[in-house]
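**Q** Sequence unavailable; structure follows:
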């Protein structure tokens with residue numbers, strides 16, 4: 001039986017759970033999320049994961065069986081307060097089951113309540129699974145290839161359960 005997955009805001013005491021999750025991540029998953037082959041969680045990165053202000057920088061975690069299995073976060077853009085860069089990390093064993101989409105939708109709802117209606121991010125151009133997920137949420141028009149990366153910029157209307165995402169202007173990424 002698969003454990004139930006609950007989502008909630010990140011808490012400072014999640015630090016230990018993030019450290020445990022780190023050892024369950026493959027090198028590829030880490031590289032896909034951080035765009036670099038990070039071997040260990042530095043103190044700076046550990047603090048970034050849990051130190052959020054719940055306004056300009058926030059995160060949600062997915063928990064199953066008492067363990068953090070995914071995290072989705074946004075960081076408001078300083079030069080464009082209605083936009084935020086987003087990132088999602090799903091533990092390998094939970095990838096491909098819709099958790100990434102769920103986390104992005106919940107994060108979009110949270111961001112919307114904080115006045116953020118444009119979500120941005122970069123995806124590696126060969127990360128076909130994530131590009132498919134993003135394309136299903138914002139459509140192909142929201143993706144702008146640029147070498148090894150694809151820049152994503154999408155906005156959404158009503159932040160309800162069936163929130164629909166749409167491409168946002170790509171001029172001010």
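**A** Perfect, thanks for sending it. These figures come from a predicted structure and were not determined experimentally.

**Q** pLDDT weak spots in this protein?
**A** When the per-residue scores of the chain are filtered using pLDDT under 70, the ranges that remain are 1-2, 156-173.

**Q** In the protein, what residue spans correspond to helices?
**A** Taking DSSP state H as the criterion, the chain carries its helices at 15-22, 27-34, 43-50, 99-113, 128-138.

**Q** Buried residues, the second one. List them.
**A** So the one you mean is helix 27-34. Of the residues in helix 27-34, those scored as buried under the neighbour-count criterion (16 or more other CB atoms under 10 Å) are 30, 32-33. No exception for glycine: its C-beta is placed from N, CA and C like everyone else's.

**Q** With the first one instead?
**A** Within helix 15-22, the residues that count as buried by 16+ other CB under 10 Å are 15, 17-18, 21-22.

**Q** sorry, back to before: with the buried residues of helix 27-34 in mind, which one is nearest to residue 9?
**A** For the buried residues of helix 27-34, the closest approach to residue 9 (CB to CB) belongs to residue 33, at 19.6 Å.

**Q** if I look at that closest one, how far off is residue 139?
**A** 23 Å (CB to CB, to the nearest Å).

**Q** picking up where we left off before, make JSON lines from the buried residues of helix 27-34 and add distance to residue 135 to it.
**A** Compiled in JSON lines, the buried residues of helix 27-34 are given as follows (distance: CB to CB, whole Å):
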{"residue": "30", "distance to residue 135": "23"}
{"residue": "32", "distance to residue 135": "16"}
{"residue": "33", "distance to residue 135": "18"}
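
**Q** Let me see the ranges of the strands in the chain.
**A** Listed in chain order, the strands found in the chain under DSSP state E are 5-9, 57-64, 67-77, 80-90, 118-124, 143-146, 149-156, 165-167.

**Q** any chance of those strands in TSV, with distance to residue 132 too?
**A** Shown next, in TSV, are these (distance: least, CB to CB, whole Å):
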stretch	distance to residue 132
strand 5-9	21
strand 57-64	20
strand 67-77	17
strand 80-90	13
strand 118-124	10
strand 143-146	11
strand 149-156	12
strand 165-167	14
